[in-house]
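1. With the input below, show me the fold.
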Amino acid sequence: MNESATRVFPFRPWVKRAGVSIILVAAFASTAIVLLLTFSPSARYGWIREPFAWIYVGVLWLGGLRIVLGAMQPMAIVDDVQITLRPLHQLLVRNIAWSAIRATDISGDRLIIWFDTARGMRFVAVNLNLIKGRREFLTMLEERVTRARSAKNPA
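-> Here you go, the predicted model:
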C-alpha cells in the first residue's frame, strides 16, 4: 500500500440503519398523532397537546436525520497532511494537521485527540465502534502521529 495515499474510513453499515430506524419511529409517532387528531377531536385535550410530545417527536426526526445524513460521509479521512474527522455528535468537521496533534488517548471505545488551534488547545472525541476498519485506523493514526512528532523533533 502506498503510504502517501489518502485513506477513507467510512461508518459501519449498522450506523445508517440505526438512523433509519429512528426515523421510522418518528414517522410512526407523527402518523399516530395526526390520525388521533383527525379521528378523535377529544384527543386534543390529552397528551397530544403537551409540548413535550411535540418536542420529543421533533428530536427523533432531527436525530435520525442527523445520523443518516452524517453516515453518508466518511467518518475519517487520513492523508499525509491532515486527518479529517466527522463525529456524529458534533456538527463540525474537524480538519487536524498532523503537526498540530499534541496527544491522543484511548479509553475503552473512545478516542480523544488533543490538538492546537489558533484559539488554543482543543480536543475531539471519536467513538471507535462506529469506524469501519477500526484497527487499520488506529494503526495508521499511530504511525502518522509518530512520524509527525519525529519530523518536528529530530533526534
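
2. what's the offset of the helix or strand of the chain at the bottom of the mean pLDDT ranking from the middle of its chain?
-> Sorting the helices and strands of the chain by mean pLDDT, DSSP states H and E puts helix 134-152 at the bottom, at a mean of 86. Put simply, helix 134-152 sits 21 Å off its chain's centre (C-alpha atoms, centre = their mean, to the nearest Å).

3. okay, it in CSV with CA atoms only?
-> Presented in CSV, the C-alpha positions along helix 134-152 are these (Å, rounded to 0.1, in the frame of the first residue of the first chain):
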residue,chain,number,x,y,z
ARG,A,134,-11.1,0.4,13.3
ARG,A,135,-7.7,-1.5,13.7
GLU,A,136,-6.3,-0.1,10.5
PHE,A,137,-7.5,3.4,11.5
LEU,A,138,-5.7,3.2,14.9
THR,A,139,-2.5,1.7,13.3
MET,A,140,-2.4,4.4,10.7
LEU,A,141,-3.1,7.1,13.3
GLU,A,142,-0.3,5.9,15.5
GLU,A,143,2.1,5.8,12.5
ARG,A,144,1.2,9.2,11.3
VAL,A,145,1.4,10.8,14.8
THR,A,146,4.8,9.2,15.4
ARG,A,147,6.1,10.3,12.0
ALA,A,148,4.9,13.9,12.6
ARG,A,149,6.5,14.0,16.1
SER,A,150,9.8,12.7,14.8
ALA,A,151,9.8,15.2,11.9
LYS,A,152,9.1,18.0,14.4
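
4. Show me what that helix is packed up against.
-> Secondary-structure packing of helix 134-152 (3 or more C-beta pairs under 8 Å, 6 or more residues apart in numbering; DSSP states H and E): strand 7-9, strand 76-78, strand 101-107. (Each C-beta comes from the backbone N, C-alpha and C, glycine too.)

5. just these: most buried one?
-> With neighbours defined as mean count of other C-beta atoms under 10 Å, the helices and strands packed on helix 134-152 peak in mean count at strand 76-78, which reaches a mean of 21.

6. Give me the sheet partners of that one and which way each runs.
-> Taking DSSP bridges as the criterion, strand 76-78 forms sheet pairs with strand 7-9 (antiparallel), strand 82-85 (antiparallel).

7. Not counting its neighbours along the chain, what's nearest the residue nearest in space to the middle of the chain?
-> The residue lying closest to the centre of the chain (C-alpha atoms, centre = their mean) is Leu88, at 1.8 Å. Leaving aside its chain neighbours, Leu88 sits nearest to Gly70 (4.9 Å; criterion: C-beta to C-beta, 6 or more residues apart in numbering).
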